[in-house]
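Trainee: sharing a sequence plus its predicted fold:
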Amino acid sequence: MEMTSPPNVPESNDSREHALKQIVNMEVIEKQGRLADGVQYTFWTFGGDVPGKFIRVREGDLIEFHLKNHPDNKFAHNIDMHAVTGPGGGATSSFTAPGHETVFSFRAIRTGLFVYHCATAPVGMHIANGMYGLILVEPREGLSKVDREYYVMQGDFYTNGRYGEGGLQAFSMDKALKEEPEYVVFNGSVGSLTGDNALQAKVGEKIRLFIGNGGPNLVSSFHVIGEIFDNVYQEAGTEVNHNVQTTLIPSGGAAIAEFKVEVPGTFILVDHSIFRAFNKGALAQLKVEGEEDPNIYSGKQSENVYLGEGGHIQEIPESGEPAEKATTLEEKLKKGSIVFQSVCQACHQSEGQGLPGAFPPLAKSDYFKNDISKIIGPVVHGLTGEIIVNGQKFNSIMPKQTLTDEEIANVTTFVLNNFGNGGGEITSEMVRKNR
């Protein structure tokens, strides 16, 4: 039978009227792979991917499951399928040593979207290393028609090194027991569904997301920024809720969300336990192409300053009133640090490392290395469109900042003299020329 790697989903089974015997061949592969830029991890996988292959069967099908443990693997594994009615969900029948194959069968008697995972001791460690996936048991009558279906699964990873620390990272049992993951990601790695790997759609299309949460510990607050789910199959059962903003997905659980995309743009998928999204990796993109519809969404129509004490609106000035001027480089760096922490740090992070697939790094940045105006311009005028920083593509939006010339000079000088950059000094006069 056809199985697919994330985020792809096999074709529906609703064209047939009778049950079949389905043979599933699943190979367990232990392999090193990318967890984040510069960060490697030894994943334990079902079929070579995290999450594992998507399995799609029909209500009433008889599934003959072959679990194969690659001979190069170091550990024994099994599989617990939440779609199975039987001891251990199949785990008691599928304990498989490296270089061996086990077989068991089950009847798909309940419809829904179900998690599968390894259940070999220590169970949490096997799951935390990426051993989970989804199996869909379609009802006999099939699911409603949609234009696109995608497979997205969240997982939390526990590494010895802190978030972003490079090299091959080992699993930390201590952090796992404390439920303090360094990474919370969709589909196995930071940025797996951003940039060139973003999900795609066109205006007017109906989208169905098959969403799972492998855990092993955290509950997901799944949300698509700028969309409202038309239908959510709660906990992937038969109960359907409508007009949902955010849906909870327990560890070891799933949900099916359906919605129509009505305007173009880049829509962000997140775990709305929001620090996980912007600081630990639980962020993906859905890029929608098509015609604008100002009746639904206008985009920015104007930008003004609100003066609460004056009660009136006026245009943003091209340059602000000068702040108290720093007289030494040391003073400029101190003032620049304050501006960085209050304005820049949220996106570009405390060490200037940025967020993969979302906000470019300022640390050791080659973007402004040979052209100092390129550090001033985005602050003064804002920046949109694709750029390449340190070999990585970014396509987000930086709004222009309502800072004085002195504040911009201070903060850009601070960046040039920190985060492994080469040093330098920006003056207020240089900022004014860029305006």
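Mentor: Happy to help now that I have it.
Trainee: can we go C-alpha only for contacts and neighbour counts from here?
Mentor: OK.
Trainee: which residue ranges make up each domain of the chain?
Mentor: Residue ranges for the domains of the chain, per automatic domain parsing: 21-289, 322-434.
Trainee: measure the longest one end to end?
Mentor: Taking C-alpha to C-alpha, to the nearest Å, the span from the opening residue of domain 21-289 to its closing residue is 40 Å.
Trainee: and it, how far out from the chain middle?
Mentor: Here the centre of domain 21-289 is set off from its chain's centre by 12 Å, with C-alpha atoms, centre = their mean, to the nearest Å.
Trainee: on that earlier part again, weakest of the domains of the chain by average pLDDT?
Mentor: For those, the weakest mean pLDDT is recorded on domain 322-434, namely a mean of 87.
Trainee: how about the helix or strand harbouring residue 276: buried residues?
Mentor: Secondary structure from DSSP states H and E places residue 276 in helix 275-280. Residues of helix 275-280 classed as buried: 276, 277, 278, 279, 280 (neighbour count, 16 or more other C-alpha atoms under 10 Å).
Trainee: equivalent analysis for stretch 268-277, please.
Mentor: Buried residues in stretch 268-277, counting neighbours by 16+ other C-alpha under 10 Å, are found at 268, 269, 270, 271, 272, 276, 277.
Trainee: dump those residues to TSV, plus secondary structure.
Mentor: Formatted as TSV, the buried residues of stretch 268-277 follow (DSSP: H, G, I helix; E, B strand; the rest coil):
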residue	secondary structure
268	strand
269	strand
270	strand
271	strand
272	coil
276	helix
277	helix
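Trainee: ranges for the strands of the stretch 51-200 of the chain?
Mentor: In the stretch 51-200 of the chain, the strands defined using DSSP state E, counting those that start in this stretch lie at 55-58, 62-69, 80-81, 101-107, 112-117, 132-138, 148-157, 167-169, 183-186, 199-202.
Trainee: can you redo these as a markdown table with mean neighbour count and distance to residue 355?
Mentor: As requested, the strands of the stretch 51-200 of the chain are arranged in a markdown table below (neighbours: other C-alpha atoms under 10 Å; distance: least, C-alpha to C-alpha, whole Å):
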| stretch | mean neighbour count | distance to residue 355 |
| --- | --- | --- |
| strand 55-58 | 24 | 32 |
| strand 62-69 | 20 | 36 |
| strand 80-81 | 22 | 35 |
| strand 101-107 | 16 | 42 |
| strand 112-117 | 26 | 29 |
| strand 132-138 | 26 | 26 |
| strand 148-157 | 25 | 17 |
| strand 167-169 | 16 | 18 |
| strand 183-186 | 28 | 12 |
| strand 199-202 | 19 | 19 |
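Trainee: nearest to residue 212 among those would be which one?
Mentor: For those, the distance to residue 212 is smallest for strand 148-157, at 4.4 Å, taking C-alpha to C-alpha.
Trainee: dump the strands of the stretch 51-200 of the chain into JSON lines; add distance to residue 46 as well.
Mentor: Shown next, in JSON lines, are the strands of the stretch 51-200 of the chain (distance: least, C-alpha to C-alpha, whole Å):
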{"stretch": "strand 55-58", "distance to residue 46": "11"}
{"stretch": "strand 62-69", "distance to residue 46": "9"}
{"stretch": "strand 80-81", "distance to residue 46": "12"}
{"stretch": "strand 101-107", "distance to residue 46": "14"}
{"stretch": "strand 112-117", "distance to residue 46": "9"}
{"stretch": "strand 132-138", "distance to residue 46": "7"}
{"stretch": "strand 148-157", "distance to residue 46": "14"}
{"stretch": "strand 167-169", "distance to residue 46": "20"}
{"stretch": "strand 183-186", "distance to residue 46": "16"}
{"stretch": "strand 199-202", "distance to residue 46": "22"}
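Trainee: got the contact list for residue 98?
Mentor: Counting by C-alpha atoms under 8 Å, 6 or more residues apart in numbering, residue 98 touches 69, 70, 71, 72, 73, 74, 75, 76.
Trainee: by neighbours, which of those wins?
Mentor: Ranked by neighbour count (other C-alpha atoms under 10 Å), the contacts of residue 98 have residue 69 at the top, with 26 neighbours.
Trainee: what's the neighbour count on residue 11?
Mentor: If you count neighbours by other C-alpha under 10 Å, residue 11 ends up with 12.
Trainee: what does it show for phi and psi?
Mentor: When read as degrees, to the nearest 10, the backbone of residue 11 gives phi -60, psi 150.
Trainee: returning to that earlier point: of the domains of the chain, which stretch is the most buried?
Mentor: Ranked by mean neighbour count, the domains of the chain are led by domain 21-289 with a mean of 20 (mean count of other C-alpha atoms under 10 Å).
Trainee: check what pLDDT residue 320 gets.
Mentor: On pLDDT, residue 320 comes in at 44.
Trainee: scratch that, residue 307 is what I was asking about
Mentor: Note for residue 307: predicted pLDDT of 53.
Trainee: which elements pack onto the helix holding residue 276?
Mentor: Contacting helix 275-280 under the criterion 3 or more C-alpha pairs under 8 Å, 6 or more residues apart in numbering; DSSP states H and E are the following elements: strand 183-186.
Trainee: tell me the one of the buried residues of stretch 268-277 nearest residue 190?
Mentor: Distance to residue 190 across these (C-alpha to C-alpha) is lowest for residue 277, with 9.8 Å.
Trainee: nearest spatial neighbour of the closest one, skipping sequence neighbours?
Mentor: Spatially, and ignoring its direct neighbours in sequence, residue 277 is nearest to residue 283 (5.0 Å; C-alpha to C-alpha, 6 or more residues apart in numbering).
Trainee: list the contacts for the one you found?
Mentor: Residue 283 is in contact with 185, 186, 190, 191, 193, 194, 268, 269, 270, 271, 277, counting by C-alpha under 8 Å, 6+ apart.
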